[in-house]
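Engineer: Output the structure for:
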Amino acid sequence: MLLALSTANAIALAVVAGAFVVFALISALVIPRRWPQFPGEHGLTYFIVVTIVLCIGTLAAVETFAKESEEETAQAETTQTQTTETTSTAPTTTGARPPAAQGDAAAGKQVFESQGCSGCHTFAAAGSTGAIGPDLDKALQGKDAEFVRESITDPNKDIAQGYQPNIMPATFKDSLTPKQIDDLVAFLTKPS
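Structural biologist: Presented below is the predicted three-dimensional model:
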């Protein structure tokens, strides 16, 4: 949140909060070394008053400085809306793969077997019964090709319920060729 504030508001908020922190450190670490009875009977009232004033001052500073003016907020929302509209209507030129499976399912079955996927996953089309990873017949049900591709190339992005991250190797995006990944995706998304 602090990064979203204007420089003047961030500085003012930091100064007020800093004063409170300095007071707390001095009253907790410095003064008791020189005056072990601190705050004592006579100084307790002053100590409590200063603490309350600084606390209220910090809360007031947050209320005052931690919000931008309505004009700046409206301008930021307009800019965000324009950016979203531009992004959603602009053609994608990032080289992202199309969502449909483009590979050969038969070749994908060979990749599935050669990469040891059957040792970890249950998948009826492959005749595998592995139990280390999710049952792909259930985990991929209703999922599109892009989800499957992402699950292969970035397995920690969306982890199946009941499983921990880093169980599936994250190296397939480098160790498999794009064609092998396409084939594997085609095999995994092929209707039964």
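
Engineer: Name the nearest residue to the residue nearest the centre of the chain, sequence neighbours excluded.
Structural biologist: Closest residue to the average C-alpha location of the chain: residue 157 at 9.7 Å, with CA atoms, centre = their mean. Using CB to CB, 6 or more residues apart in numbering and skipping residues adjacent in sequence, the residue nearest residue 157 is residue 150, 6.0 Å away. C-betas here are computed from N, CA, C, even on glycine.

Engineer: Can you tell me the element the one you found falls in?
Structural biologist: helix 145-153 (DSSP states H and E).

Engineer: elements contacting the helix or strand following that helix?
Structural biologist: On the C-terminal side of helix 145-153, the nearest following helix or strand under DSSP H and E is helix 172-175. Counting contacts by 3 or more CB pairs under 8 Å, 6 or more residues apart in numbering; DSSP states H and E, helix 172-175 is packed against helix 145-153.

Engineer: Could you double-check that residue 159 lies in contact with residue 151?
Structural biologist: No - assessed by CB atoms under 8 Å, residue 159 is found out of contact with residue 151, at 9.3 Å.

Engineer: Which one of those two is surrounded by more residues?
Structural biologist: A direct count of neighbours by other CB atoms under 10 Å for residue 159 and residue 151 places residue 151 higher, at 23 against 15.

Engineer: Tell me if I'm right that that one and residue 158 touch.
Structural biologist: Yes - if you go by CB under 8 Å, residue 151 and residue 158 touch, sitting 6.7 Å apart.

Engineer: Tell me the first helix or strand C-terminal of the helix or strand hosting residue 15.
Structural biologist: Residue 15 is part of helix 7-25, with elements assigned from DSSP H and E. Once the chain leaves helix 7-25, the next helix or strand it forms, by DSSP H and E, is helix 31-34.

Engineer: what packs against the helix or strand following that following helix?
Structural biologist: Remark: after helix 31-34, the chain's next helix or strand is helix 40-65, criterion DSSP H and E. Judged by 3+ CB pairs under 8 Å, 6+ apart, helix 40-65 is in contact with helix 7-25.

Engineer: State the pLDDT value of the nearest residue to residue 54 once chain neighbours are set aside.
Structural biologist: Counting by CB to CB, 6+ apart, residue 20 is the residue found nearest to residue 54 once chain neighbours are left out, at 4.7 Å. Residue 20 carries a pLDDT value of 86.

Engineer: Can you get me a residue count around residue 20?
Structural biologist: Residue 20: 16 neighbours (other CB under 10 Å).
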